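Novice: here is my input; please provide its structure:
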Amino acid sequence: MTAVRLNCRVASLAIGLALFAYLPAFAQAPPIPPPPPDPAPLPLDGVPIAAEPPPAPPPAPNASEPVSKPAAEAFSSLGGFGAGPGGGIGALLSPTIGNMPVRASLGFYWFPSEPVKYQSTSLAEYREDFSISAPVWQDNRNEWSISAGVHSDEFHTSAILPNTLQAFPDDLIDVRFGTAYRHEFDNDWIAGIGGSFGSASDQPFHSVNELTGSLNAFLRVPSFDRDAWLFTISYSTNSQINIPIPGVAYLWIPSDYFQAVIGFPFASANYMPTDDLTLSVSYALLTTVHARATYRLAPPLRVYAAFDWDNESYFRVGREDDRDRFFYYEKRLSAGVLYTLGPNVNFDFSAGYAFNRYFFEGQTLSDDHNNRIDVGDGPYLAAKLQFRY
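Specialist: Numbers count the residues shown, from 1 in each chain. From the prediction side, this is the model:
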């Protein structure tokens, strides 16, 4: 059984790496005339892929991606497909059509052994993330993209699930493949639809009961010079709320130094009190929160402090009810360094403190007493490479 899990994990990573090698060249066809350069909007989360230019005059209506990265993360969490850049509803909300680059990221996280509450054992975790997105076809009015991602958690523990007396999983793996399409109408409205397919389990693709899927749709209606109304609907078989969720929000950009997405079931804000300091925060139902303060020390070097509240869910093979999912909740405080290695590459290294870490098995948050495993608080290390072509 361990060999099967290992083979699934290796195969998933191999698929991701193959896509990473193949898609950059594929995405170049068909070529389209480059649009005129747009004034720079707010940084996506205070972490641009290259050195940040000086503040610019207000951008044109088609300015490049004024929606903040925290907003995109919030939308992605609703769709259950956070496959990094390009995944989820957030990737559908940019006002620029036909200029999508290839994006990829590769991250590693290490959580040392911490005691398991009520059991005479400990738990250590090693986490890997790979994601990639790329355009398949695009022009000035249409954009079709594909994306893929692999999230892997490897555990070292002898913990036992207390209610069913089963061994704690050795691995939890989430494999996702997605696609999205956007179209801009003559009145500058933009509509889009996206979906994903995959498997999230300790044995991905073991059976139909471990498969996952999501579907997202949106309409972006411009308002005034740079604002917009955002209408969305999302559904995922593996989100905290796995029923269709309608949404409405207003993208407000009163200046080059502040922007906000105000609405339900998501919200975000970016603020630049100075040219070197960026503050960002985002929220999505039910318990997805990201906050970060980023300071530029020099054009290629930034430092940041962050708070993250995340959750994951998997369909564990051997569960008593096929509708149950194995949930993981975690909060993190971190400090890190971002270094621009070149015009297309960022390196992110951070250290932090993880707390309120626990697992449980059930259908809703009210089942958090079933097969519950509480893990002690403790430090962790993380590193990530981000690419854009």
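Novice: just say helix, strand or coil for Gln119.
Specialist: coil (DSSP: H, G, I helix; E, B strand; the rest coil).
Novice: show the pLDDT at it.
Specialist: Note for Gln119: predicted pLDDT of 96.
Novice: same thing with Phe266?
Specialist: pLDDT, read off for Phe266, is 89.
Novice: and stretch 115-133, which residues are buried?
Specialist: For stretch 115-133, the neighbour count (16 or more other CB atoms under 10 Å) marks 116, 119, 122-123, 125, 127-133 as buried. In short, each C-beta sits where N, CA and C put it, glycine included.
Novice: which of these fall within helices?
Specialist: Among the buried residues of stretch 115-133, no residue falls in helices (DSSP state H).
Novice: just put those residues in JSON lines and tack on distance to Leu301.
Specialist: JSON lines is the format used below for those (distance: CB to CB, whole Å):
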{"residue": "Val116", "distance to Leu301": "39"}
{"residue": "Gln119", "distance to Leu301": "43"}
{"residue": "Ser122", "distance to Leu301": "36"}
{"residue": "Leu123", "distance to Leu301": "35"}
{"residue": "Glu125", "distance to Leu301": "29"}
{"residue": "Arg127", "distance to Leu301": "26"}
{"residue": "Glu128", "distance to Leu301": "26"}
{"residue": "Asp129", "distance to Leu301": "23"}
{"residue": "Phe130", "distance to Leu301": "25"}
{"residue": "Ser131", "distance to Leu301": "25"}
{"residue": "Ile132", "distance to Leu301": "26"}
{"residue": "Ser133", "distance to Leu301": "27"}
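Novice: who's in contact with stretch 291-311?
Specialist: With CB atoms under 8 Å, 6 or more residues apart in numbering as the contact definition, stretch 291-311 has outside contacts at 43, 45-47, 51-52, 70, 240, 275-282, 287-290, 327-341, 350, 352.
Novice: an error on my part: the question was meant for stretch 158-172.
Specialist: So stretch 158-172 is contacted by 2, 5-6, 9, 116, 118-119, 121, 123, 152-155, 157, 200-202, 312, 314, 316, 318, 320, 326, 328, 359, 361, 370-373 (CB under 8 Å, 6+ apart).
Novice: which stretches of the stretch 51-200 of the chain form helices?
Specialist: Along the stretch 51-200 of the chain, counting by DSSP state H, counting those that start in this stretch, helices occupy 69-79.
Novice: what segments of it are strands?
Specialist: Using DSSP state E, counting those that start in this stretch, the strands of the stretch 51-200 of the chain run over 103-115, 122-138, 142-157, 171-184, 190-201.
Novice: pull up the pairing partners for the first one, direction included.
Specialist: It refers to strand 103-115. strand 122-138 (antiparallel), strand 378-388 (antiparallel) (DSSP bridges).
Novice: could I get the average pLDDT for the longest one?
Specialist: Taken as a whole, strand 122-138 carries a mean pLDDT of 96.
Novice: again with the last one
Specialist: The pLDDT scores in strand 378-388 average 96.
Novice: so where is this protein shaky, pLDDT-wise?
Specialist: Along the chain, segments meeting pLDDT under 70 span 1-93.
Novice: the residue in it sticking out farthest from the centre and Tyr250, how far apart?
Specialist: Farthest-out residue of the chain from its mean C-alpha position, per CA atoms, centre = their mean: Ser120, at 34.7 Å. Separation of Ser120 from Tyr250 (CB to CB, to the nearest Å) stands at 53 Å.
Novice: next one: Ile173
Specialist: Counting by CB to CB - Ile173 and Tyr250 are separated by 38 Å.
Novice: quick one: which of these two has more around it?
Specialist: Ile173 (25 against 13; other CB atoms under 10 Å).
Novice: hey, what's the more buried one bridged with?
Specialist: Ser152, Ser201.
Novice: from Thr287, how far out is it?
Specialist: Taking CB to CB, one finds Ile173 at 22 Å from Thr287.
Novice: okay, now Ser147: neighbour count?
Specialist: 27.
Novice: who does it form a beta bridge with?
Specialist: Ser133, Gly178.
Novice: do Val248 as well
Specialist: So, taking DSSP bridges as the rule, Val248 has Phe231, Phe264 as bridge partners.
Novice: now do the one 10 residues further on
Specialist: Counting by DSSP bridges, Phe258 forms beta bridges with Ser255, Tyr271.
Novice: cool, and Leu338?
Specialist: Arg302, Asp348.
Novice: and what of Tyr295?
Specialist: The partner residues for Tyr295, given DSSP bridges, come to Leu277, Val303.
Novice: against Pro101, how distant is it?
Specialist: Applying CB to CB to Tyr295 and Pro101 gives a distance of 26 Å.
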